[in-house]
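Q: Mind looking at a prediction? Sequence and model below.
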Amino acid sequence: MPKRSKKYSGARESYDRLVRQPPREALGQVKEMAFARFDESIDVATHLGVDPRRADQVVRGTVVLPHGTGKSPRVLAICQGDKEAEAEEAGADYIGTEYVDRIKGGWLDFDVCVATPDLMRMVGPLGRILGPRGLMPTPKAGTVTFDVGRAVSEIKAGKIEYRVDKTGNLHAPIGRVSFEVDLLTENLSAFMASVLRAKPAAAKGTYVRSVTVSSTMGPGVHVDPNSFTRSG
């Protein structure tokens, strides 16, 4: 186990780690314990009662956080013709088909990639590069679309994509330490509502088993899962 700093240890000892708190109180605790000299990200980790090895129990989806994540993602739009102007107006950082070759050469200075369906023949071979990094555009995430402007606008506004990992956990950013508690609470509620809607029909028993919020450098605080659903 890695050695923790005195500030981390002090923060961890400042509250009862076994108590599952209401969302607002938990997020307030996270803000109080944040000790870094930069504006830390606040993230949520959710453990779900699913078996990700089974295709019918994979949980994935997208959600537009009402107050964004506090970070403006760099968006690459692989498109051409009038779609380039649409992408530029929506705020895309990089636009055009020439970036396909740049990616093949090792360029990866972007956070999200949007592509039009007609150009997936060019983008498809990039899967071995973009896939492992979570950067490959997909129809399910809304990043393979002819509605380029809307896709870029939603991403810039705070749209995030999530997918359960092999251990049944979901991780997502929900804001920054500088955010007001009410804004963080609304972002967390929006994320959890999306996760609940994404519940697979094949999932049995308790769906949301645990919810934990934390800052980049700070310890996690447990949130009461019943705050989001009385049936999960």
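A: Yes, it's here. Everything numeric in this text was worked out from a predicted model, so none of it was measured.
Q: which SSE is the residue nearest the centre of the chain in?
A: Computing the C-alpha centroid of the chain and ranking residues by Cα atoms, centre = their mean puts residue 172 first, at 3.7 Å. Per DSSP states H and E: residue 172 is located in strand 169-176.
Q: Helix, strand or coil: sort out the residue lying closest to the residue nearest to the centre of the chain once chain neighbours are set aside for me.
A: Spatial nearest neighbour of residue 172, chain neighbours left out: residue 162 (5.0 Å); criterion: Cβ to Cβ, 6 or more residues apart in numbering. All C-beta spots, glycine's among them, are computed from the backbone N, C-alpha and C. Under the three-state scheme (DSSP: H, G, I helix; E, B strand; the rest coil), residue 162 adopts strand.
Q: quick one, what contacts residue 162?
A: Shown in contact with residue 162 (Cβ atoms under 8 Å, 6 or more residues apart in numbering): 59, 60, 61, 62, 63, 170, 171, 172, 191, 194, 195.
Q: Over to residue 88?
A: Counted by Cβ under 8 Å, 6+ apart, residue 88 has contacts residue 95.
Q: Can you give the distance of the helix or strand hosting it from its chain's centre?
A: Here residue 88, judged by DSSP H and E, is contained in helix 82-90. Put simply, helix 82-90 sits 25 Å off its chain's centre (Cα atoms, centre = their mean, to the nearest Å).
Q: And the residue of the chain most remote from its centre, how far from residue 113?
A: Distance from the centre of the chain peaks at residue 81, with 30.7 Å (Cα atoms, centre = their mean). Applying Cβ to Cβ, to the nearest Å, the value for residue 81 to residue 113 is 18 Å.
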